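Asks: Pasting a predicted model and its sequence here:
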Amino acid sequence: MSGDALCVGVCMIDWDTGVCLGCGRTSEEIHGVPVAEPPAAEMPHSQPSAVEAPLPPNVAAALGEGSD
């Protein structure tokens, strides 16, 4: 069903049937069904990753600088 084209301005949901008494649509049809966002691990990266900050001198001396 397309948008609010069926709306007649009488918005009353019959909670027994889940249907609007004005237009005959369900709440999901009126408002749309919410879609969960994908987990952050699955989202495409649109921005380049930030450059990591160098280690503080005392930490670098104890652990070494590491490698790429």
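Replies: Noted; the coordinates are in hand.
Asks: So what touches stretch 19-39?
Replies: Stretch 19-39 has contacts (C-beta atoms under 8 Å, 6 or more residues apart in numbering) with 1, 6, 7, 8, 9, 10, 11, 12, 13, 14, 18, 43. In short, each C-beta sits where N, CA and C put it, glycine included.
Asks: For residue 14, give the beta-bridge partners.
Replies: residue 19 (DSSP bridges).
Asks: Start at 160, not 1
Replies: That works, and once the first residue is 160, the last one we named lands at residue 173.
Asks: Count the residues that sit near residue 193.
Replies: 7 (other C-beta atoms under 10 Å).
Asks: Mind telling me what element it is part of?
Replies: Using DSSP states H and E, residue 193 falls within no helix or strand.
Asks: Residue 185 and residue 173: what is the separation?
Replies: Distance, residue 185 to residue 173, using C-beta to C-beta, to the nearest Å: 10 Å.
Asks: Look at those two and report which has more neighbours.
Replies: A direct count of neighbours by other C-beta under 10 Å for residue 185 and residue 173 places residue 185 higher, at 15 against 9.
Asks: Can you give me the distance of residue 191 to residue 184?
Replies: Residue 191 is 11 Å from residue 184, by C-beta to C-beta.
Asks: actually residue 171, not the one I wrote
Replies: From residue 171 to residue 184 the distance is 12 Å (C-beta to C-beta).
Asks: tell me the mean pLDDT for the lengthiest helix in the chain?
Replies: Across the chain, the longest stretch assigned as helix under DSSP state H is helix 216-222. Average pLDDT, helix 216-222: 79.
Asks: got the CA coordinates for that helix in CSV?
Replies: Only the C-alpha atoms of helix 216-222 are listed here, as CSV (Å, rounded to 0.1, in the frame of the first residue of the first chain):
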residue,chain,number,x,y,z
PRO,A,216,58.0,7.4,25.2
ASN,A,217,57.9,5.4,28.5
VAL,A,218,55.6,2.8,27.0
ALA,A,219,57.6,2.6,23.7
ALA,A,220,60.8,2.1,25.8
ALA,A,221,59.2,-0.8,27.8
LEU,A,222,57.4,-2.5,24.9
